[in-house]
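*Asks:* my questions are about this predicted structure, shown below with the sequence.
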Protein chains: 2
Amino acid sequence: MKDDPLTLIAGIDRTIHAPARLSILACLAAVKTGDFTFLLNQTGLTRGNLSANLGKLEEAGYVSIKKEFVEKIPRTLIRLTAKGRKALTAYCNDMQFVIENLGG
Amino acid sequence: MKDDPLTLIAGIDRTIHAPARLSILACLAAVKTGDFTFLLNQTGLTRGNLSANLGKLEEAGYVSIKKEFVEKIPRTLIRLTAKGRKALTAYCNDMQFVIENLGG
DNA sequence: TTAAATAGGTTTAAAAAATAAACCAGTCTT
DNA sequence: AAGACTGGTTTATTTTTTAAACCTATTTAA
């Protein structure tokens, strides 16, 4: 009764679904902790776009952000939170089901 | 070299990725041809939203739209085109790969 | 017969999101 | 000290999404 593709699509997590943020989360899921520059290179997003989307992910509680200085240059460390990992897993399960049952 | 989740995400088909349109395509993939009211009920979108998104899908060549009259009342028939079906399949393959390799 | 509700949509306008451009603070190079 | 680079944020422009209003025609009810 919950396994209806259309219901799943309607309720999909938009915070994760946006390609820019899915890219960010995909990186973090693999490495656990990455800095701003790493994500910039991996995702190919512009700095502004990355900054804005990190803000949204942080707001959602999906990532935690810590700023520090390394030899006088600033560094922003981003980590996937437990909540974020859980949400990502749920998103994957939902999309998996949608994809498999599309055209069934 | 193409099977990199991040590359795939960056190149994902936005026309299909949007939840509203994915819902529409999911319906059409199952039934081949549906009318406006059918899609309205199935997807749960508002009429305006459905109309606008059908316009985009038509523009992309993913659906064909034919208007006819049945007993004096208008009816809009929507069908998935070959191009649309192909794009949907490609989208599913891409997302499938992304999901499977996320956190790998 | 004429008002009110319904069907089937489209158009317009308001809210949210993505993208790009500009900016700021500090550091390094020359 | 001027210019260029690093590491970001803020602002503004454009694109999307969503919702609200509107239009045309039909049926129902008074």
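*Replies:* Okay, I see it. Numbering: from 1, shown residues only, chains lettered A, B, ... in the order given.
*Asks:* for stretch A:40-59, buried residues please.
*Replies:* By neighbour count, and taking 16 or more other C-beta atoms under 10 Å in any protein chain shown as the criterion, the buried residues in stretch A:40-59 are A:Leu40, A:Gln42, A:Thr43, A:Leu45, A:Leu50, A:Asn53, A:Leu54, A:Lys56, A:Leu57. Glycine gets a C-beta too; all of them are placed from N, C-alpha and C.
*Asks:* so which of the residues you listed reach DNA strand D?
*Replies:* Applying C-beta under 7 Å from any atom of the strand, the subset of those adjacent to DNA strand D comprises A:Leu50, A:Leu54.
*Asks:* which of the buried residues of stretch A:40-59 sit farthest apart?
*Replies:* Spanning the widest gap among those are A:Gln42 and A:Lys56, at 18.0 Å by C-beta to C-beta.
*Asks:* count of residues packed around the nearest residue to A:Thr33 once chain neighbours are set aside?
*Replies:* Leaving aside its chain neighbours, A:Thr33 sits nearest to A:Arg79 (4.7 Å; criterion: C-beta to C-beta, 6 or more residues apart in numbering or on different chains). Neighbour count of A:Arg79, defined by other C-beta atoms under 10 Å in any protein chain shown: 14.
*Asks:* equivalent analysis for A:Ala18, please.
*Replies:* Residues near A:Ala18, counting by other C-beta under 10 Å: 15.
*Asks:* which stretches of chain A form strands?
*Replies:* When secondary structure is read from DSSP state E, chain A shows strands at A:33-35, A:63-70, A:73-80.
*Asks:* so A:Ile73 bridges to which residues?
*Replies:* For A:Ile73, the residues forming beta bridges with it (DSSP bridges) are A:Val70.
*Asks:* quick one: A:Leu25 and A:Thr15 touch, right?
*Replies:* No - contact criterion C-beta atoms under 8 Å: A:Leu25 and A:Thr15 do not qualify, at 9.4 Å.
*Asks:* overlap of the contact sets of these two?
*Replies:* Both A:Leu25 and A:Thr15 are in contact with A:Leu57, A:Tyr62, where contact means C-beta atoms under 8 Å, 6 or more residues apart in numbering or on different chains.
*Asks:* with neighbour numbers in mind, choose between these two.
*Replies:* Neighbour tally, A:Leu25 and A:Thr15, criterion other C-beta under 10 Å: the higher count belongs to A:Leu25, 25 against 19.
*Asks:* interface residues of chain A facing DNA strand D?
*Replies:* Within chain A, the positions adjacent to DNA strand D are A:14, A:35-37, A:47-48, A:50-52, A:54, A:67, A:73-76 by C-beta under 7 Å from any atom of the strand.
*Asks:* closest to B:Asp94 out of the buried residues of stretch A:40-59?
*Replies:* Nearest to B:Asp94 among those: A:Thr43, at 16.3 Å, using C-beta to C-beta.
*Asks:* check contacts around A:Arg79.
*Replies:* Going by C-beta under 8 Å, 6+ apart, A:Arg79 touches A:Leu28, A:Lys32, A:Thr33, A:Val63, A:Ser64, A:Ile65, A:Lys66.
*Asks:* what do you get if the cut-off is 7 Å, keeping everything else the same?
*Replies:* Contact criterion C-beta atoms under 7 Å, 6 or more residues apart in numbering or on different chains gives A:Leu28, A:Lys32, A:Thr33, A:Val63, A:Ser64 as the residues in contact with A:Arg79.
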